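*Asks:* mind folding the following:
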Amino acid sequence: MKLDNNISLRNKLLNTEWGNSFTDWQKEEILRGIDLGVDVTKYAFPFVKPLQMKVLREMLRCSFDISQLDLYRLNIAQLNAIMRGIIDGVDVSIYYDPQYHASQMEFLEHCLANGEDVSKFADHRYNKEQMIMIRNGVVSGADISKYADPSYSAELMSKILEQIRNDKEMGL
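*Replies:* This next block holds a predicted model:
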């Protein structure tokens, strides 16, 4: 049955108006997916760029359900960060929200891959630098409630964390 579906999809892609809505590069990525036996109907949309299709195909090959991803809003860098998480076996649902920038996703993926609890800073309102400052506080045992505020710059967070550490050393 899968072979029949793949032949049917291949014919539709090459011989129909639907198929004509794709660029040649998109068609190549869809055909690769057909050849690999993945369900290309999950990513065969004209708005999905060829490089995105490639990453989505690899996600499908890893048995990841891409239907939970917002394909309209995730860019290639974000998809790559999610793919790295899938490869590393982390819970990518923590950061696959398009409101996260790729750099935030990559940082969260790195922390998760190291077995760290990201719950204190896995919030799209924090930029990557703020996330780093909060993580540093968590790791050092500081009271992050004094500075874990999205309205505080990473520089201000750093100064507050330094003061917390100094106070701790002085026994205050």
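
*Asks:* downstream neighbour of the lowest-mean-pLDDT helix or strand in the chain in the secondary structure list?
*Replies:* One helix or strand of the chain scores below all others by mean pLDDT, DSSP states H and E: helix 2-15, with a mean of 70. For helix 2-15, the succeeding helix or strand toward the C-terminus, using DSSP states H and E, is helix 17-20.

*Asks:* that next one: which residues count as buried?
*Replies:* Judged by neighbour count using 16 or more other CB atoms under 10 Å, the buried positions of helix 17-20 are residue 19. Yep, even glycine has a C-beta here, placed from its N, CA and C like the rest.

*Asks:* what's next to the next helix-or-strand element following that helix, contact-wise?
*Replies:* Once helix 17-20 ends, the next helix or strand along the chain (criterion: DSSP H and E) is helix 24-36. With contact meaning CB atoms under 8 Å, 6 or more residues apart in numbering, helix 24-36 is reached by 6, 9-10, 13-14, 19, 22, 39-40, 43-44, 46, 48-50, 53-54, 57, 60-61.

*Asks:* now swap in stretch 87-103 and tell me
*Replies:* So stretch 87-103 is contacted by 62, 64, 68-70, 73-75, 77-78, 80-82, 85-86, 104-105, 108-109, 112-113, 118, 122, 124, 127-128 (CB under 8 Å, 6+ apart).

*Asks:* so the most centrally placed residue in the chain is in which element?
*Replies:* With distances taken as CA atoms, centre = their mean, the chain has residue 82 as the residue nearest its mean C-alpha position (3.2 Å). Taking DSSP H and E as the definition, one finds residue 82 inside helix 76-88.

*Asks:* tell me the mean pLDDT over that helix?
*Replies:* On average, the pLDDT along helix 76-88 is 97.
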